[in-house]
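[1] Got a predicted structure here, sequence first:
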Amino acid sequence: MAAEASNFLKYVDEHEEDFIQRLAKAVSIPSVSGNIGYIKDVEAMAEWLLQQLISLGVKAEKRAIGQHKLEGKDVDLPPVIIGQLGNDPNKKTLLIYGHYDVQPALYEDGWHYPCFELTQDPSGSGRMYGRGSTDDKGPIMAWLNVLEAHQKLGKELPVNLKMCFEGMEENGSENLDKFIESEKNGFFAGADCMCISDNYWLNTETPCLTYGLRGINYYEIRVNGPDRDLHSGVFGGTIHEPMTDLILLMSKLVTPAGEILIPGLKDLIAPVTDEEREKFEAIHFGVKDIHAAVGGDQTLTNDKVTTLMGRMRNPSLSLHGIEGAFSATGSKTVIPCSVKGKFSIRLVPNLTIKSVTDLVVKYLDAEFKKLGSKNRCEVVLGHGGEPWMADFTHYSYRAAHKATEDVYGQAPDYTREGGSIPVTLDFADILGLNVLLLPVGRGDDGAHSTDEKLDRDNYIRGTKLLGSYMYELAAISK
Ligand SMILES: C[C@H](N)C(=O)N[C@@H](Cc1c[nH]cn1)C(=O)O
Ligand SMILES: [Zn+2]
Ligand SMILES: [Zn+2]
């Protein structure tokens, strides 16, 4: 461990409670980017984060990045917050990214704790529940904790730090690529490498460094029929029903065993190399880790490597929901006039947003024609992100490896994330940077799920990890 880091680590140990209060404040702002009803909260979260950064000595500002359509209305995109601390030509410059928006959360979905109130597990396990605790407010707060420790200790950071925080990650990071492009020779100039903390360990015990992400294509199948909802007793048996068409189409996408049924898609996947397989075999993981994380034994196979490849190396297709369908309690006998089926496909090398979309649209159009329905059907790509891979032999990974050993007393696993952070590829390609994914949370944190949580130990040691990584990065030769 770099000796200069020791009083930083001591500060972290002495300020655990303050750091938890910081996370509690962040979680209390319901910054859901996908619903129009939360626009004010997303703005409030951006403003609170900006003020936190300024109070920690960061030269920070909010940047507007245009408008988008939300629930049919034109509204401002959440601002990007950029900041800089340190500009010493003798130091390396690290760029960090995080997102201050969160997935939706409703108590009725099955939460056991208030969704937007950081709640400590009463049994004393150290679990801290709340939407955004692990994705991605916990990691952002961990960076802020690092800054606070240095400010209060009167210590300079060992590297120059540039920061970019967005509020649209959970909805496709719209326009962020354009912002990065426009600031390539401006704000982002001079960055040596990049670190993103926005994914999770594979299990509950082994820290990891992540060098790959699956991409994502998010689709809607829109089936429109009559111009109003109808009584099924009066009109059932007389018209083509949009829900019936949609369910049929959705059933043609994937089998219960997870096999994607879109013709031609498999042929586009890059063949798996021996080196890749060896990397998967070396990971500390068992299907029991998935059983623990999902609270059931629903794994498709008991084989470790097949399971890991299912998550990291193969595409997957998930059906998410149907907008416009009756879903409340009770027995409403309605025929919905217009429904939108939502599904996504996780992309792996060499699948691209376009190649997959071409196949999806062609296939669903043909399947719809086979139904002979008089309804109208349209397949729309909502947002897309390409898959990404990094060079994990880069000095930034070596620094993070060392920091993990310092903080956790064990070497990290090298993993690929099944989830997507589409802007990672934009940062890597547009700025020409090596990107390291350095997760804080565990595999059972339940990101996007009910009872999302972050363990107190991961939050505190995660703060130490991010700080130690900066020290190792400063010390390592390129
Ligand atoms: C891994 C990251 N924390 C995350 O959750 N990413 C999301 C991104 C996304 C794309 N569409 C909606 N959200 C994910 O992988 O689902
Ligand atoms: Zn997320
Ligand atoms: Zn995230």
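    Alright, I've got the coordinates. Ligands and ions are numbered 1, 2, ... in the order given.
[2] which residue sits closest to residue 116, ignoring its sequence neighbours?
    Nearest residue to residue 116, sequence neighbours excluded (C-beta to C-beta, 6 or more residues apart in numbering): residue 30, at 4.6 Å. All C-beta atoms are positioned from the backbone trio N, CA, C, and that covers glycine.
[3] and if you look at residue 174?
    residue 68 (5.1 Å).
[4] Kindly report the same for residue 377.
    Spatial nearest neighbour of residue 377, chain neighbours left out: residue 368 (4.4 Å); criterion: C-beta to C-beta, 6+ apart.
[5] Would you confirm that residue 9 belongs to a helix?
    Yes - counting by DSSP: H, G, I helix; E, B strand; the rest coil, one finds residue 9 located in a helix.
[6] In this structure it contacts residue 464, no?
    Yes - assessed by C-beta atoms under 8 Å, residue 9 is found in contact with residue 464 at 5.6 Å.
[7] neighbour-wise, which of these two wins?
    residue 464 (24 against 19; other C-beta atoms under 10 Å).
[8] Might you report the residue contacts of the more buried one?
    8, 9, 12, 407 (C-beta atoms under 8 Å, 6 or more residues apart in numbering).
[9] what about it, which SS state?
    helix.
[10] Can you list the buried residues in stretch 30-38?
    The neighbour-count check on stretch 30-38 (16 or more other C-beta atoms under 10 Å) flags 30, 31, 32, 33, 34, 38 as buried.
[11] Can you show me the CA trace of that stretch as CSV?
    Provided in CSV are the C-alpha atoms of stretch 30-38 (Å, rounded to 0.1, in the frame of the first residue of the first chain):
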residue,chain,number,x,y,z
PRO,A,30,-35.9,9.7,-6.2
SER,A,31,-34.0,10.6,-9.4
VAL,A,32,-35.9,8.2,-11.7
SER,A,33,-34.9,9.2,-15.2
GLY,A,34,-37.6,7.3,-17.1
ASN,A,35,-40.8,8.8,-15.7
ILE,A,36,-42.0,12.3,-16.3
GLY,A,37,-43.3,12.5,-12.8
TYR,A,38,-39.8,12.5,-11.4
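[12] Please enumerate residues in contact with it?
    Residues outside stretch 30-38 that contact it (C-beta under 8 Å, 6+ apart) are 41-42, 44-46, 70-71, 73, 75, 78, 100-105, 115-116, 131-132, 167-171.
[13] Can you tell me the element the closest residue to ligand 1 within the stretch 201-350 of the chain falls in?
    Nearest residue of the stretch 201-350 of the chain to ligand 1: residue 216, at 4.9 Å (C-beta to the nearest ligand atom). In the assignment (DSSP states H and E), residue 216 maps to strand 215-224.
[14] Tell me which strands that strand pairs with, and in which orientation.
    According to DSSP bridges, strand 215-224 forms sheet pairs with strand 338-347 (antiparallel), strand 376-385 (antiparallel).
[15] Identify whichever of those strands lies nearest to residue 445.
    Residue 445 lies closest, by C-beta to C-beta, to one member of the strands paired with strand 215-224: strand 338-347, at 18.8 Å.
[16] Contacts for the helix or strand following that closest one, please.
    Downstream of strand 338-347, the first helix or strand assigned by DSSP H and E is helix 353-371. Around helix 353-371, the neighbours that count as contacts under C-beta under 8 Å, 6+ apart are 215, 217, 219, 221, 245, 248-249, 252, 262-265, 268, 345, 347, 377, 379, 381, 384-386.
[17] So which of those reach ligand 3?
    Subset of the contacts of helix 353-371 in contact with ligand 3: empty, counting by C-beta under 5 Å from the ion.
[18] residues near the residue of the chain found nearest ligand 1, how many?
    Closest to ligand 1 within the chain is residue 419: 3.2 Å, counting by C-beta to the nearest ligand atom. Counted by other C-beta under 10 Å, the residues lying close to residue 419 total 16.
[19] For it, give me its contacts.
    Taking C-beta under 8 Å, 6+ apart as the criterion, residue 419 is in contact with 199, 213, 214, 447.
[20] Nearest to ligand 3 among the contacts of residue 464?
    Within the contacts of residue 464, the smallest distance to ligand 3 is 21.8 Å, found for residue 407 (C-beta to the ion).
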